[in-house]
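Chemist: Need coordinates for the following:
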Amino acid sequence: MKPVVVFVLGGPGAGKGTQCARIVEKYGYTHLSAGDLLRDERKRPGSQYGELIENYIKEGEIVPVEITISLLKRAMDQTMAANSQKNKFLIDGFPRNEDNLQGWTKTMDGKADVSFVLFFDCDNEICIGRCLERGKSSGRSDDNRESLEKRIHTYLQSTKPIIDLYERMGKVRKVDASKSVDEVFEKVVQIFDKEG
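Modeler: Residues are numbered from 1 along each chain as shown. Purely as a prediction, here's the structure:
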């Protein structure tokens, strides 16, 4: 069985992680966060990529695509090896730029099916506010105003064109993410009930 993938995109603080957790609970998807996989790999003793990943994350830049895809592919393979019924994946925070998309196409074409892109559209100031609030308890080195402004700049410059590209293919399902968690999830449920 091939993995069936939904790409989950939106600015930092748009609520991707929060909504993904709810989708997992209701629809049985496996949630893979590109950022979490990179952060975990960075901490893994003896990782060949650890220091490299750390430097990219600190600068608010995008980690080379080969690293991210190898981590995503490994996570999908492990999940499906453990349970062959678990072939539906939410990939959160990926593809983040043209390079990511080309890397995915080159490596995963024919090996995984992308159903659609779930796009959480949210005002930048709301996103920054949410991340600063999260930063008080998350312990994430990139939840500070300086890193956030870099991350939002990177997102607008690099990720927004990817969303526009999928939009032209008719594959984007857009949600207003500035609303409350419950209101946003209501809209998400409508999308997943319709898409299967």
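
Chemist: all strands of the chain, in order?
Modeler: For the chain, strands defined by DSSP state E occupy the ranges 4-10, 30-33, 88-92, 113-121, 172-176.

Chemist: Can you add mean pLDDT, mean neighbour count and distance to Lys106 and give those back as CSV?
Modeler: The way it works is simple: take the backbone N, C-alpha and C, and place the C-beta from them, glycine included. Below are those laid out as CSV (pLDDT from 0 to 100; neighbours: other C-beta atoms under 10 Å; distance: least, C-beta to C-beta, whole Å):
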stretch, mean pLDDT, mean neighbour count, distance to Lys106
strand 4-10, 95, 23, 15
strand 30-33, 95, 20, 19
strand 88-92, 96, 23, 16
strand 113-121, 95, 19, 14
strand 172-176, 96, 17, 22
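
Chemist: For these, give me TSV that also has distance to Glu66.
Modeler: Formatted as TSV, these follow (distance: least, C-beta to C-beta, whole Å):
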stretch	distance to Glu66
strand 4-10	18
strand 30-33	17
strand 88-92	16
strand 113-121	19
strand 172-176	26
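
Chemist: out of those, nearest to Ile128?
Modeler: strand 4-10 (13.4 Å; C-beta to C-beta).

Chemist: contacts for the closest one?
Modeler: Strand 4-10 is contacted by residues 16, 19-20, 29, 87-96, 112-122, 159, 162-163, 166, 177 when judged by C-beta atoms under 8 Å, 6 or more residues apart in numbering.

Chemist: Where does the prediction get shaky in the chain?
Modeler: 196 (pLDDT under 70).

Chemist: And the helices in it?
Modeler: 16-27, 34-43, 50-58, 65-82, 98-108, 124-138, 145-154, 160-168, 181-195 (DSSP state H).

Chemist: can you state the direction angle for the third one and helix 145-154?
Modeler: Counting by axes from the mean of the first three to the mean of the last three C-alpha atoms, to 10 degrees, helix 50-58 points 90 degrees away from the direction of helix 145-154.

Chemist: ditto for the fifth one
Modeler: In terms of direction (the same axes, to 10 degrees), helix 98-108 departs from helix 145-154 by 70 degrees.

Chemist: now do the first one
Modeler: Between helix 16-27 and helix 145-154, the angle comes out at 70 degrees (the same axes, to 10 degrees).

Chemist: so helix 16-27 versus strand 113-121, what angle?
Modeler: Going by the same axes, to 10 degrees, helix 16-27 makes 130 degrees with strand 113-121.

Chemist: Sweet, I'm off.
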